[in-house]
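J.: quick one, fold the following:
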Amino acid sequence: ISSIVFSTVSMLVTVLALATDRKLFVNETVTTVIVEVTGSSVSDEQTQTRCRRLKDGLQNALARVLKIHRESIEIMKPELITDGVLLRFYIYDNEKAVEDARNVDRTQAITDAVNSGHFSKIVQAAWQLADAPFVSKPQYQIFHGRQSK
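T.: Have a look, this model is predicted:
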C-alpha cells in the first residue's frame with residue numbers, strides 16, 4: 001500500500017511541476033539596437049577602451065528614455081571600429097513590461113532620441129566625453145518568441 005501512495009504522490013508532484021513550468025513561460029520580444037558612435041571624442045584608443053567599461057550610466061539613461069526598468073536593457077561591450085565604437089544593446093519586453101510602458105514604441109523612442117541629438121548627449125554624459133559624438137541612424141532587429149524564465 002505504501003508503494004501505491006508513493007507512486008500517487010510522485011505523479012502528483014510531477015503534474016504540479018509541469019504546470020508550474022508552463023506558467024513560467026512568457027511571451028517575450030527582444031529588440032536588438034545597433035548604432036555607430038563616432039567622432040573626435042571617441043576616436044582615440046584610450047577613450048574607446050574606457051567607453052567599453054562605462055555601461056551603467058548609459059543603461060540607466062536609456063531606461064529613462066524608453067520608460068522601462070534598467071534590467072530590461074542589456075548593453076553589450078562596444079566593438080571598436082574606425083573612428084569610434086559600435087554600440088549594440090538588447091531590449092527585453094515581456095507582457096508585464098509592455099503593460100508598464102503603456103505601449104511606448106521602443107524603436108520610435110530611440111530613433112527620436114538619435115534624431116534630436118538627445119542620444120548623443122546621453123552617450124556623452126554616460127561615457128564622460130568632452131564633446132558629443134555622432135550617433136548613426138539605429139538599425140533594429142526584433143525577435144518575437146517564447147522563452148523560459
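J.: looking at stretch 80-94 now, give me its mean pLDDT.
T.: Averaged over stretch 80-94, pLDDT sits at 86.
J.: stretch 40-56 too?
T.: On average, stretch 40-56 scores 77.
J.: straight-line length of that stretch, end to end?
T.: From its first residue to its last, stretch 40-56 covers 23 Å (CA to CA, to the nearest Å).
J.: could you do stretch 119-133 as well?
T.: End to end - CA to CA - stretch 119-133 spans 9 Å.
J.: quick one: contacts of that stretch?
T.: 35, 37-42, 47, 50-51, 54, 56-58, 60-62, 65, 84, 87, 110, 113-114, 117, 134-135 (CB atoms under 8 Å, 6 or more residues apart in numbering). The way it works is simple: take the backbone N, C-alpha and C, and place the C-beta from them, glycine included.
J.: can you give me how far it is from the chain middle?
T.: Taking CA atoms, centre = their mean, to the nearest Å, the mean C-alpha location of stretch 119-133 is offset from the chain mean by 19 Å.
J.: identify each buried residue in that stretch, please.
T.: Phe119, Ser120, Ile122, Val123, Gln124, Ala126, Trp127, Leu129, Ala132, Pro133 (16 or more other CB atoms under 10 Å).
J.: before we move on, what SS does the fifth one have?
T.: If I follow you right, that is Gln124. helix (DSSP: H, G, I helix; E, B strand; the rest coil).
J.: what sits against the most centrally placed residue in the chain?
T.: What sits nearest the mean C-alpha location of the chain, by CA atoms, centre = their mean, is Ile73, with 2.5 Å. Residues near Ile73 by CB under 8 Å, 6+ apart: Gln59, Leu62, Ala63, Leu66, Phe89, Tyr90, Ile91, Tyr92.
J.: one more: Arg88?
T.: Thr32, Val33, Ile34, Ile75, Met76, Pro78, Glu79.
J.: could you rerun that using 7 Å?
T.: With contact taken as CB atoms under 7 Å, 6 or more residues apart in numbering, Arg88 is in contact with Thr32, Ile34, Met76.
J.: now those residues in CSV, with distance to Tyr140 and pLDDT?
T.: Below are the contacts of Arg88 laid out as CSV (distance: CB to CB, whole Å; pLDDT from 0 to 100):
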residue, distance to Tyr140, pLDDT
Thr32, 7, 92
Ile34, 8, 94
Met76, 15, 89
